[in-house]
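> Here is a sequence with its predicted model. Questions after.
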Amino acid sequence: MDVGVWLQVILVGIVATVVMDIWSWLQRNVLRIPSLDYGLIGRWVLSMFRGKWVHRPIMVTPAIKGETWLGWFLHYLIGVVFSVAHLLVFGIAWLADPTLLPALLTALATLVLPFFVIQPCLGFGMAASKTPAPWKARWLSLLTHSVYGVGLFIAAQCLRYSP
C-alpha cells in the first residue's frame, strides 16, 4: 500500500474517533449519562509497568501522573488501529467506495476488546457484568462503538480514496 492509503486510513480512524467523542460528549452533557474516563485506561496501562494488570475496580487504584494524557492518546491510537484492521479486512476498494454495513460490522467487532479484555481488567467484569447495571453498560458500549462505525463510514465518504 502506498503512503496515500496509509495516510487516509489513519485520518479515517482519527475522524471516526472524533465522531465517537462527539457522541460521548452529547451523552454526558445533554443526556446526562456518564461515559468512560479515558484517564482510567491510562492508569491501567501505567499500572502494568508496576506489575498490576487487574484492578478491583480501577477507581480505587491511586491516580498516576500522566494517566489522562496517556488514556486519550491510547483512545485515538486504538481508533486508528481499528481503522487499519477494517482496511485489512475490507480492502482498499472500501476506501474508494465506502458502504455503511462493513463499518458497522467493524464497530461490532471492536466490542471484543472492551468486553473481554479492558472491562475485566478494570474490575468491571466480562461485558460489564460487575457493574450496577450491566445491560445498560453493554447497550451504551454498543451504541458508542456503533457511532464509531458510522464515523468510519462518514470519514471514508469525506476522504474517498482514488488510486
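Okay, I see it.
> Now find how far off-centre the host helix or strand of Thr68 is within its chain.
Thr68 belongs to helix 67-90 when elements are defined using DSSP states H and E. Relative to the chain's own centre, helix 67-90 is displaced by 7 Å; criterion: C-alpha atoms, centre = their mean, to the nearest Å.
> what sits up against it?
Here helix 67-90 makes contact (C-beta atoms under 8 Å, 6 or more residues apart in numbering) with 5, 9-10, 12-14, 16-17, 20, 37-43, 45-46, 94-95, 102-103, 106, 109-110, 113, 148, 152. Using the backbone N, CA and C atoms, a C-beta is placed for each residue, glycine as well.
> Same question for stretch 127-144.
If you take C-beta under 8 Å, 6+ apart as the criterion, stretch 127-144 is touched by 20, 23-24, 27, 33, 35, 57, 108, 111, 114-116, 119, 123-125.
> Mind giving me the packing neighbours of the helix or strand bottoming out on mean pLDDT in the chain?
The helix or strand of the chain with the poorest confidence is helix 92-96; it has a mean of 93 (mean pLDDT, DSSP states H and E). If you count contacts as 3 or more C-beta pairs under 8 Å, 6 or more residues apart in numbering; DSSP states H and E, helix 92-96 packs onto helix 3-29, helix 67-90.
> Now do it: distance to the chain's middle.
22 Å.
> So for it, what gets flagged as buried?
Neighbour-count burial for helix 92-96 flags Trp94, Leu95 (criterion: 16 or more other C-beta atoms under 10 Å).
> next helix or strand past that helix?
Helix 92-96 is succeeded, C-terminally, by helix 100-109 (DSSP H and E).
> Rounded mean pLDDT for that following helix, please.
Here helix 100-109 scores 98 as its mean pLDDT.
> Report the buried residues of it.
For helix 100-109, burial by neighbour count (16+ other C-beta under 10 Å) applies to Pro102, Ala103, Leu104, Thr106, Ala107.
> Using CSV, write out every CA atom in it.
C-alpha atoms of helix 100-109 as CSV (Å, rounded to 0.1, in the frame of the first residue of the first chain):
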residue,chain,number,x,y,z
LEU,A,100,-22.2,1.5,5.9
LEU,A,101,-22.6,-2.2,6.6
PRO,A,102,-18.9,-3.1,6.7
ALA,A,103,-18.2,-0.1,9.0
LEU,A,104,-21.0,-1.3,11.4
LEU,A,105,-19.5,-4.8,11.3
THR,A,106,-16.2,-3.4,12.3
ALA,A,107,-17.9,-1.4,15.1
LEU,A,108,-19.4,-4.6,16.5
ALA,A,109,-16.0,-6.4,16.3
